[in-house]
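Engineer: Sharing a sequence plus its predicted fold:
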Amino acid sequence: MTVTYVIDGSRVTGLERFWEVIGEAVNGPGGYFGRNLDALADCLGGGMGTPDDGDFAWEWRDHAVSARALGHEETARWLRRSVDRVDPTNRAAVRRRLDEALAGRGPTLFELIVEILTNGTPPGGLRLR
């Protein structure tokens, strides 16, 4: 039987709040399900609260609210914090992505998260409502 985790998009006000909301969706109050994009992808591989057989899906309610909260402005804020933490060989690429986000172009955090969730679940496993 497929387990469906509900992401309450109306509660997502930024990236930090997204991590709290998805953690609670899977593991209850105070739950963890990643605190960065790589960790989210790892959590989707199992062992972090989802069924071992991989039979689960996501329903992201009020996703349009989340899309705005995780849009270019929040993406730029995230990239600005990331630029000094990445390997020096990747800094120029992160700066280019930051410039794009500041100009309102390029993938947003919302789009990146949707891609990770889509790739980490069976086909049709992410429903945006």
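Structural biologist: Looks like it came in fine. Residues are numbered from 1 along each chain as shown.
Engineer: where do the strands sit along this structure?
Structural biologist: Counting by DSSP state E, the chain has these strands, from start to end: 3-8, 56-61, 126-128.
Engineer: what helices or strands is the shortest one leaning on?
Structural biologist: With contacts defined as 3 or more CB pairs under 8 Å, 6 or more residues apart in numbering; DSSP states H and E, the secondary structure elements packing on strand 126-128 are strand 56-61, helix 109-119. In this view, the C-beta of every residue, glycine as well, is placed from N, C-alpha and C.
Engineer: check contacts around the residue nearest to Thr2 when sequence neighbours are not counted.
Structural biologist: Distance criterion CB to CB, 6 or more residues apart in numbering; nearest residue to Thr2, sequence neighbours excluded, is Asp55 at 5.1 Å. Listed by CB atoms under 8 Å, 6 or more residues apart in numbering, the contact partners of Asp55 are Met1, Thr2, Val3, Pro122.
Engineer: Any stretches of this protein with poor pLDDT?
Structural biologist: In the prediction, the chain carries no residues with pLDDT under 70.
Engineer: Determine which residue lies closest to the centroid of it.
Structural biologist: Centroid-nearest residue in the chain, with CA atoms, centre = their mean: Ile113, separated by 3.4 Å.
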